[in-house]
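Student: Sequence first, predicted coordinates after that:
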Amino acid sequence: DAAHRDRLAYIRICSGVFERGMVVTHATTGRPFATKYAQHVFGRERESVDTAYPGDVVGLVNANALHVGNTLYAGTKVTFPPLTTFAPEHFAVMRGKDTAKFKQFRRGVGQLGSEGVAQVLRSDRRGDQAPVLAVVGPMQFEVAAHRMAQEFGAPVELDHLPYQVAVRTDAASAPAVAAARGVEVFEREDGELLALFMDKWDLRSLQQRSPELTLEPMVAAQLS
């Protein structure tokens, strides 16, 4: 509901009993996390939930500190295997159509990235006004553009890039990788460095010429 202008983070209860208002611990930061505003969601309808059990899904209102794959626990610390994501195969530069709405643009891009709608990549070369969205399927671009216009009031245009392959690199290898022909190196919002190649042949060629460089596949990359 656009009139609410709030945000829901969905959590799945894995063990024990959830009670609205309980204070749990955010496993990533180690900080306490309050659950005062907990709801069940049915389409556009919402209702407060007081108790939930394993298997139930609960929406926490305006839980901005939560990201995909985070764990919350009460009492003894709980650790789950990280979630996985697949390597992106489509890339596009996103630019705001109205420079006066850069604040809305930046907020929207940040939220899309935190929700996992797309991986947001940045570089000094392109700057904050032209982040690159990396996705698995082209429809994710349509979702991102629609939400930017409708939810954040920041219409955008997308310029598709010719890259087809993304691999991980590191700070030591990044300068040499970026100097290769037809390659760009970006930093993802979680600090991971990604190198984008036109195709797998360009990647293999660089690996053969410079086997000392870090160029690791992203398939089943972990989101902690």
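Tutor: Cool, got the structure.

Student: C-alpha only now, for contacts and for neighbours.
Tutor: Fine.

Student: what's the neighbour count on residue 186?
Tutor: 24 (other C-alpha atoms under 10 Å).

Student: I figured it hits residue 125, correct?
Tutor: No: taking contacts as C-alpha atoms under 8 Å, residue 186 lies outside contact range of residue 125: 9.3 Å.

Student: what do these two both touch?
Tutor: With C-alpha atoms under 8 Å, 6 or more residues apart in numbering applied, the contact sets of residue 186 and residue 125 do not overlap.

Student: elements contacting the helix or strand containing residue 11?
Tutor: Per DSSP states H and E, residue 11 falls inside strand 8-12. The helices and strands touching strand 8-12, judged by 3 or more C-alpha pairs under 8 Å, 6 or more residues apart in numbering; DSSP states H and E, are strand 57-61.

Student: Would you mind identifying the next helix or strand past the strand it packs on?
Tutor: Using DSSP H and E, the helix or strand that follows strand 57-61 towards the C-terminus is strand 72-73.

Student: quick one: contacts for residue 161?
Tutor: 90-93 are the contacts of residue 161 under C-alpha under 8 Å, 6+ apart.

Student: among those, who's most crowded?
Tutor: residue 91 leads those on contacts (other C-alpha under 10 Å) with 28 neighbours.

Student: Apart from its neighbours in sequence, what residue is nearest that residue?
Tutor: residue 134 (4.6 Å; C-alpha to C-alpha, 6 or more residues apart in numbering).

Student: Tell me, how many residues neighbour the one you found?
Tutor: Residue 134 has 27 neighbours, counted by other C-alpha under 10 Å.

Student: Hmm, it is touching residue 93, no?
Tutor: No: assessed by C-alpha under 8 Å, residue 134 is found out of contact with residue 93, at 9.1 Å.

Student: So, low pLDDT: which residues of the protein?
Tutor: Low-confidence segments of the chain, defined by pLDDT under 70: 1-5, 85, 219-224.

Student: sorry, back to before: bridged to the residue nearest to residue 91, which residues?
Tutor: residue 91, residue 119 (DSSP bridges).

Student: distance of it from residue 21?
Tutor: 37 Å (C-alpha to C-alpha, to the nearest Å).

Student: for residue 142, same thing?
Tutor: Applying C-alpha to C-alpha, the value for residue 142 to residue 21 is 37 Å.

Student: Would you map out the domains in the chain?
Tutor: Using the TED database, the domain parsing of the chain gives 9-73, 90-217.
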